[in-house]
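**Student:** Sequence first, predicted model second:
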Amino acid sequence: MNAQNHIETDKNSKVQNIINSLEEFMSEINDDKFCMMEGTLSKAKFEFWEKVHQARKNKTDAQNFVLGQKSELDARFLRLAINSYIHTISKLDSIDNFIKVALRINDNLLLDVDVWVELEDEDELAERDITLATANFNTKIQNLGYYFNLMVVEASDNIEIPEGFDLFDLSELRS
């Protein structure tokens, strides 16, 4: 493969990642629209969309609005990234060997997520699976500014889930 083809492949991959993210975001917007029409949209989301509407009406305030809403948009995209990561690891053949999975948003960097996984002792296959899945996932989302930090422990380590992590119900991840 020559350098030009490699660049085009990388560009196509980046474009596809962006398209996938936009499709997920548009789906979330459509969900909000449906809930608004049904009268079931949360107050916070209604206020958010009301601000979007007002900013669109007043173009001079639009830039300030976008800057002010950046953290809320980051949080929405981060939730999508976390959901996508959970979906990714739920498809691993070794998911049944996972004892615990917990996540937290890193306090130091808004767009980092710490992943804590407890496995059976000496389960090299499960450790390889989760490590590769996390690395591949990070590669797919790197252009969005997110990064998932993986920490793997074994049952015999007797390490409790660190403070601030949210434990996932593994029965929901297993097929």
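**Tutor:** Thanks, I have it.
**Student:** going forward, measure contacts and count neighbours with C-alpha atoms only.
**Tutor:** Will do.
**Student:** Determine how far the helix or strand hosting residue 31 lies from the middle of the whole chain.
**Tutor:** Using DSSP states H and E, residue 31 sits within helix 3-38. Here helix 3-38 shows a centroid-to-chain-centroid distance of 13 Å under the convention CA atoms, centre = their mean, to the nearest Å.
**Student:** Then stretch 80-90?
**Tutor:** Worked out by CA atoms, centre = their mean, stretch 80-90 lies 6 Å from the chain centre.
**Student:** in a strand, that's where residue 115 is, yeah?
**Tutor:** Yes. Per DSSP: H, G, I helix; E, B strand; the rest coil, residue 115 lies within a strand segment.
**Student:** what separates it from residue 36, distance-wise?
**Tutor:** According to CA to CA, to the nearest Å, residue 115 stands 34 Å off from residue 36.
**Student:** who has more neighbours, those two?
**Tutor:** residue 115 (19 against 15; other CA atoms under 10 Å).
**Student:** any idea how far that one is from residue 76?
**Tutor:** Where residue 76 is concerned, residue 115 sits at a distance of 19 Å (CA to CA).
**Student:** Tell me the predicted confidence for residue 11.
**Tutor:** Per-residue pLDDT puts residue 11 at 57.
**Student:** Residue 92 too?
**Tutor:** 90.
**Student:** Any idea how many residues pack against it?
**Tutor:** Using other CA under 10 Å: residue 92 sits among 16 other residues.
**Student:** Excluding sequence neighbours, find me the nearest residue to it.
**Tutor:** Leaving aside its sequence neighbours, residue 92 sits nearest to residue 129 (CA to CA, 6 or more residues apart in numbering; 6.9 Å).
**Student:** In three-state terms, label the most centrally placed residue in the chain for me.
**Tutor:** Closest to where the C-alpha atoms of the chain average out (CA atoms, centre = their mean) is residue 81, at 1.5 Å. Secondary structure state of residue 81, per three-state DSSP, is helix.
**Student:** Next, the contact list for residue 119, please.
**Tutor:** 97-100, 126-127, 152-155 (CA atoms under 8 Å, 6 or more residues apart in numbering).
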